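> everything below, folded, please.
(one chain, ligands or ions: 1)
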Amino acid sequence: MNDIPMIGEGRDRIDGRSKVTGGARYAAEHNLDKIVHAVVISATIPAGRIKSIDAAAAKKAPGVLAVLSHLNAPKLNLTPPPAPKAQTETQGKGKEGGGQQQAQQQQQQQQQGNFAEPKLIPFATDQIQYLGQQIAVVVAETLEQATHAATLVKVTYDEMPARTDMRALRGEATDKGSTQAPPANKGDADAALASAAVKVDQTYTTPYHHHNPMEAHSVVVHFDGDKITLHDSSQNIFASRATLAKAFSVPRENVRVLSPFVGGAFGSKGSTWPHVLLATIASKEVKRPVKLWLPRKQLFFTNGHRPETEQRVALGANADGKLVAVIHEGVSQGNRVSDYNERFTRPTRMLYACDNIRVANKIVELNVSSGTYMRAPGESPGLFAFESAMDELAYALKIDPIRLRVINHADEDPIEHKPWSSKSLKQCYEQGAARFGWSRRTPEPRSMRDGRLLIGMGMATATYPAHRSPASARAKMNDDGNVVVAIGTHEMGMGTATVMQQLAAETLGVPYERVRFEYGDTTLPQAPISAGSMTAASVGTAVYQVMKELKRKLVELNGGQELASGDSYGALLHRHYLPSVEAQVDAKPDPEEAKYASHAFGAQFAEVSVDPDLGLVRMRRMVSAFAAGRVLNAKTARSQYLGGIVQGIGMALLEQTHLDKRIGSFTNVNFGEYLVPVNADIPPIDVIMVEEEDPHVNPIGAKGIGEIGITGVAPAIANAVFHATGKRVRDLPITIEKVL
Ligand code: MOS
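Numbering: from 1, shown residues only. All right, here's what the predicted structure looks like:
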């Protein structure tokens, strides 16, 4: 590993040019011969059943090939969804069992087979679980014909009372899906809180958020005989392959999923959503390739969101600032057809040393579409609450916020009592504070001004766990001296292809230009889901190991010697009359790695101005310092951090999806009303990459950086707004009416 630098050279993205010139072909741009177009019809009620679907007029419309629904579509070989839960059905009833067990099974399946069977199967029954549910699809020769015919389909319903109000139903919350942050109870947190010298006990809320990738979810699928080819926009092509194979009862090798370009995902493309299945049903029925490109409005209902949360954080400390009690509990939105749980207590379990910790995150099943992973799922809303509460505690104690965090620094994982594989959080506080100029901050709220504007400085700790999953890779040295490295991973903008090409070149000791990286295709060796900030660690380890293996074979071929200077691998192969030499590895996590707790850490600093008359918050600058092990490419790494920080600014100040509880519908389902940050909202952002060598986390020593960038932003900004104004906003986003 000595040949790989700690901070990898900043290289441009190899897919950059094709993306900005339009050369990159995204899923929906595969205009196959005889392709037809699908348009989805969505349920307009949140709960109940379909009484009738009248498709007679639509079927007679020009160009229409089929109108498919539960009435006439073939049944898939998947478990049908559980019956909807009525508002009245559950009132007064206790906990529902089995949820946690199901989630555990699902997680196991995911780890073993890279596959979790979806729970909402399109066209399986007449039941409506949420508004926007895809209940029928119209297939026609052109998009215009399909769009028109869809307006002619008449649907009637038997409506049931819908469950839409999470807070009203919080008494029915369950642990379903909490396997990634199960309830924990260490010591006696309630007693310790009751007797603490200083305490903070508050409720924090975060709204629904939608990922809104630039590229809408879209597929082109061809069901041809007993073979399926799917052009998808996906973070998990092997799961899509497994799901399609099972659903349509064909062997996995008959299903090919391709996804070489993904126009943003942020977690929303990690699941095989119903549109993939229903487009495949359509192709099977009409025996033509089908294109389905979901409109932006439908994406707000069918492809995941970050569920809303309501979180209680109670902290107790003694007078010198040592934490004696940490309680973090609350609820987020769930539903009947998903096990997703927005595990917001996950960071609370490991961030600070404390003898008495109690955490639990529960879900309330609503008639609202399924939540899913969205950049730093759990950590983002969880740290908003927890790190806001730490700031409140700092004021209550009159201790500097950074000092309070250093006083409570965890020298080992406080619940699992494992040593850290590495941890450089104190260096992050120091280097971040120095760059930011934290010492210029005067502690009193409303004590800093610039003309008539109030100025605030705030900070928060950032963290995200480091994991990896099994990944396989193949490498081939050709006699022209060029190397091809292949693994079916995904590139949705992180820089994976570039970084892997670099890593392969450095490990083998050949020029970067000599390596080509192949990905985005299930005919290549299997890669895990690209999520959880684990692509660099998982795919990177496979690439590193396959190149080591290739090098071993080449050195062996060379009589056990490294190449002499002036020699080349191409010449070596020629000397032995070999067209190529190949290597293949299956890289699995080493049980040794599990002896350590592995997390990336950071410190994030925000400076805001607040107009005292208008309540308008503007960002002035941000400084973030992160320590995440080895950095493979300084340029793409910085971009990952910047993207997370920008998304965090959106979360803090702008983003929220409104749910109208009376009709069970999201209402601001477009870019006019769902506000994401634009250039004018973003201040100068400074990113410090703290050098950190981690010998334990995995063979390449990289922890993953895709998500940590967002995690401390919202609390740092909320804390800065309090510092500027003396007003504590515990409900995101921080909009003017909450500041005034
Ligand atoms: Mo990420 S939210 O794990 O794609």
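> all contacts plus neighbour counts: C-alpha atoms, from now on.
OK.
> quick one: low-confidence ranges for the protein?
Applying pLDDT under 70 to the chain flags the ranges 1-3, 85-116.
> so what's Ser380 up against?
For Ser380, the contact set (CA atoms under 8 Å, 6 or more residues apart in numbering) comprises 344, 710-712, 714.
> now stretch 446-461: buried residues?
Neighbour counts over stretch 446-461 (16 or more other CA atoms under 10 Å) mark 446, 448, 453-461 as buried.
> residue ranges of the helices in the stretch 151-300 of the chain, please?
For the stretch 151-300 of the chain, the helices defined by DSSP state H, counting those that start in this stretch cover 189-194, 237-247, 274-286, 296-302.
> on that earlier part again, of all the buried residues of stretch 446-461, which two lie farthest apart?
Leu453 and Thr461 (26.6 Å; CA to CA).
> who in the chain is up against the ligand?
The chain comes close to the ligand at residues 266-267, 373-377, 531-532, as judged by CA under 6 Å from any ligand atom.
> identify, from these, the entry nearest to Glu693.
Using CA to CA, Gly532 is the member of these that lies nearest Glu693, at 21.0 Å.
> measure that closest one to Ala376 for me?
Distance of Gly532 to Ala376, given as CA to CA, to the nearest Å: 7 Å.
> neighbour count winner among these two?
Neighbour count, other CA atoms under 10 Å: between Gly532 and Ala376, Ala376 has more, with 26 against 22.
> ok, and the closest non-adjacent residue to the residue of the stretch 51-200 of the chain found nearest the ligand?
Per CA to the nearest ligand atom, Gln180 is where the stretch 51-200 of the chain lies closest to the ligand, at 12.5 Å. Computed as CA to CA, 6 or more residues apart in numbering, the closest residue to Gln180 that is not its neighbour in sequence is Arg343, at 6.9 Å.
> and Gln637, how far from Gly493?
Not quite, residue 637 is Ala, not Gln. Computed as CA to CA, the Ala637 to Gly493 distance reads 11 Å.
> who has more neighbours, the two?
A direct count of neighbours by other CA under 10 Å for Ala637 and Gly493 places Ala637 higher, at 23 against 19.
> for whichever strand or helix holds Gln431, which positions count as buried?
Gln431 is part of helix 425-436, with elements assigned from DSSP states H and E. For helix 425-436, burial by neighbour count (16+ other CA under 10 Å) applies to 425-429, 431-433, 436.
> please enumerate the strands of the stretch 151-300 of the chain.
In the stretch 151-300 of the chain, the strands defined using DSSP state E, counting those that start in this stretch lie at 154-159, 184-186, 198-206, 218-224, 227-232, 255-258, 290-293.
> which of those strands sits most buried?
Across the strands of the stretch 151-300 of the chain, averaging neighbours per residue (mean count of other CA atoms under 10 Å) puts strand 290-293 on top, at a mean of 27.
> leaving out sequence neighbours, find the closest residue to Leu453.
Closest residue to Leu453 apart from its sequence neighbours, by CA to CA, 6+ apart: Asp611 at 5.2 Å.
> isn't that neighbour up against Ala724?
No - at 9.7 Å, Asp611 does not count as touching Ala724 under the criterion of CA atoms under 8 Å.
> so which of these two has more stuff around it?
The neighbour comparison of Asp611 against Ala724 (other CA under 10 Å) goes to Ala724, with 28 against 18.
> list the contacts for that one?
Residues in contact with Ala724 (CA under 8 Å, 6+ apart) are 445-448, 454-457, 608-610.
> also Val485?
Applying CA under 8 Å, 6+ apart to Val485 gives the contacts 473-476, 501, 504, 515-518, 543.
> please identify which pair of those residues lies farthest apart.
Distance extremes for the contacts of Val485: the farthest pair is Ala473 and Val515 at 14.2 Å, using CA to CA.
> ok, now how distant is the residue located most distally from the centre of the chain from Ala140?
For the chain, the largest distance from the centre (CA atoms, centre = their mean) belongs to Arg575, which lies 48.9 Å off. Using CA to CA, Arg575 is found at 59 Å from Ala140.
> checking Ile135 next. Helix, strand or coil?
Three-state call for Ile135 (DSSP: H, G, I helix; E, B strand; the rest coil): strand.
> can you pull the contacts of it?
Going by CA under 8 Å, 6+ apart, Ile135 touches 40-43, 69-70, 122-123.
> closest to Val539 among those residues?
Nearest to Val539, judged by CA to CA, of the contacts of Ile135 is Pro122 at 32.7 Å.
> next, the distance between the ends of stretch 363-375.
Its first and final residues considered, stretch 363-375 spans 19 Å by CA to CA.
> ok, stretch 241-255 next?
Distance between the two ends of stretch 241-255: 6 Å, counting by CA to CA.
> hmm, back to that, which one of Ala473 and Val515 has more residues nearby?
More neighbours surround Ala473 than the other of Ala473 and Val515, with 27 against 23 (other CA under 10 Å).
> measure the closest residue to the ligand within the chain to Ser233 for me?
Distances between the chain and the ligand by CA to the nearest ligand atom are smallest at Gly267, namely 3.1 Å. Distance of Gly267 to Ser233, given as CA to CA: 12 Å.
> comparing the two, which residue is more hemmed in?
Ser233 (30 against 25).
> in the chain, spot the helix with the most residues.
Longest helix in the chain by number of residues, with DSSP state H as the criterion: helix 535-557.
> what does the next helix-or-strand element following that one contact?
Downstream of helix 535-557, the first helix or strand assigned by DSSP H and E is helix 569-575. Residues outside helix 569-575 that contact it (CA under 8 Å, 6+ apart) are 477-482, 554, 557-558, 563, 579-581.
> from the chain's centroid, how far away is helix 569-575?
Centre-to-centre, helix 569-575 and its host chain are 44 Å apart (CA atoms, centre = their mean, to the nearest Å).
> tell me which other helices or strands the helix or strand following it touches.
Using DSSP H and E, the next helix or strand after helix 569-575 towards the C-terminus is strand 580-587. With contacts defined as 3 or more CA pairs under 8 Å, 6 or more residues apart in numbering; DSSP states H and E, the packing partners of strand 580-587 are strand 471-478, helix 535-557.
> strand partners of the first one, parallel vs antiparallel please.
What it means is strand 471-478. Strand 471-478 sits in its sheet next to strand 483-486 (antiparallel), strand 580-587 (antiparallel), going by DSSP bridges.
> how about those, which one is nearest Tyr208?
When the strands paired with strand 471-478 are compared by CA to CA, strand 580-587 sits nearest Tyr208, at 37.2 Å.
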